[in-house]
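1. no letters, just coordinates:
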Ligand code: CA
């Protein structure tokens, strides 16, 4: 129940139309990503500042600043996983990308399937979500196996989605989770309702846990669990 293997917003930075279209289509249809495809590094950096992104696929050869420079600037303020697309087997390109903080690279030409597999491997490595059976923070203890939640040792009745949402917050203590990300992680990409659903469930959790400050609203960004 620890969220989706893939899903959420993937930022694709590629000026080549045919590659961009192919990758976007594959990742959206096969892997449930929402792909934001931009053709320049400048636009991508601005997008990353504006919206939460789970992973970046970044071409090196771009109009304007190149992929290396984009990677360097993104790393100045973000830990988002970055996969670089390098010209075929150019060793210096790969090394330079990794030194700038990219998490991995895929050499052109590549199949979308190969890229998708690499993305999954990176997410597993980078996000290494907690698989702990018992999660806790503040006065709350959550047990996955029995699906029980207690506050100060007293049991609290939660609905299925409230339980999943709380588990999601406990898995990401202190990390801001956007409403879109929470929708993806708890309800899945196919959920037809809007982000308002998240707000309603957060309000319910605050009430039932008797702790209005535990899950904090971060204006314009989402919610975060304040661990203590
Ligand atoms: Ca290019």
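-> It's in. Computed from a prediction, not measured in an experiment: that's the story for all the values here.

2. in this structure, which residue sits nearest the ion?
-> Nearest to the ion, among the residues of the chain, is residue 61, at 3.7 Å (CB to the ion). Using the backbone N, CA and C atoms, a C-beta is placed for each residue, glycine as well.

3. roughly how far out does stretch 216-228 sit from the chain middle?
-> Between the centre of stretch 216-228 and the centre of its chain there are 16 Å (CA atoms, centre = their mean, to the nearest Å).

4. what's the end-to-end length of that stretch?
-> This stretch, stretch 216-228, spans 12 Å end to end (CA to CA, to the nearest Å).

5. what about that stretch, average pLDDT?
-> For stretch 216-228, mean pLDDT is 93.

6. in that stretch, what's buried?
-> Of all the residues in stretch 216-228, those buried under the rule 16 or more other CB atoms under 10 Å are 222-225.

7. can you tell me what sits against that stretch?
-> Here stretch 216-228 makes contact (CB atoms under 8 Å, 6 or more residues apart in numbering) with 52, 137-138, 169-170, 172-179, 181-182, 198, 202, 213-215.

8. narrow those residues to those in strands?
-> Counting by DSSP state E, the part of those found in strands is 137, 215.

9. by contact count, what packs against the helix or strand bottoming out on mean pLDDT in the chain?
-> Ranked by mean pLDDT, DSSP states H and E, the weakest helix or strand in the chain is helix 91-99, scoring a mean of 76. Judged by 3 or more CB pairs under 8 Å, 6 or more residues apart in numbering; DSSP states H and E, the packing partners of helix 91-99 are helix 67-75, strand 82-86, strand 104-107.

10. is that helix up against the ion anywhere?
-> No - counting by CB under 5 Å from the ion, the ion is not contacted by helix 91-99; separation bottoms out at 12.2 Å.

11. how about residues contacting that helix?
-> Contacts for helix 91-99 (CB under 8 Å, 6+ apart): 60, 67-68, 71, 84, 86-87, 104-105, 107.

12. lowest-confidence one in those?
-> Across the contacts of helix 91-99, the bottom pLDDT score, 77, is held by residue 87.

13. for the residue lying closest to residue 180 once chain neighbours are set aside, what are its contacts?
-> Excluding its sequence neighbours, the residue lying closest to residue 180 (CB to CB, 6 or more residues apart in numbering) is residue 195, at 6.4 Å. Going by CB under 8 Å, 6+ apart, residue 195 touches 179-180, 183.

14. could you check how far residue 195 is from residue 140?
-> Using CB to CB, to the nearest Å, residue 195 is found at 24 Å from residue 140.

15. same check, this time on residue 100
-> Distance, residue 100 to residue 140, by CB to CB: 40 Å.

16. with residue 134 instead?
-> 11 Å.

17. which of the helices and strands packed on helix 91-99 has the highest mean neighbour count?
-> Among the helices and strands packed on helix 91-99, the stretch with the highest mean neighbour count (mean count of other CB atoms under 10 Å) is strand 82-86, at a mean of 24.

18. beta partners for the residue sitting furthest away from the middle of the chain?
-> Going by CA atoms, centre = their mean, the residue of the chain most distant from its centre is residue 154, 33.0 Å out. The residues listed as beta-bridge partners of residue 154 by DSSP bridges are residue 151.
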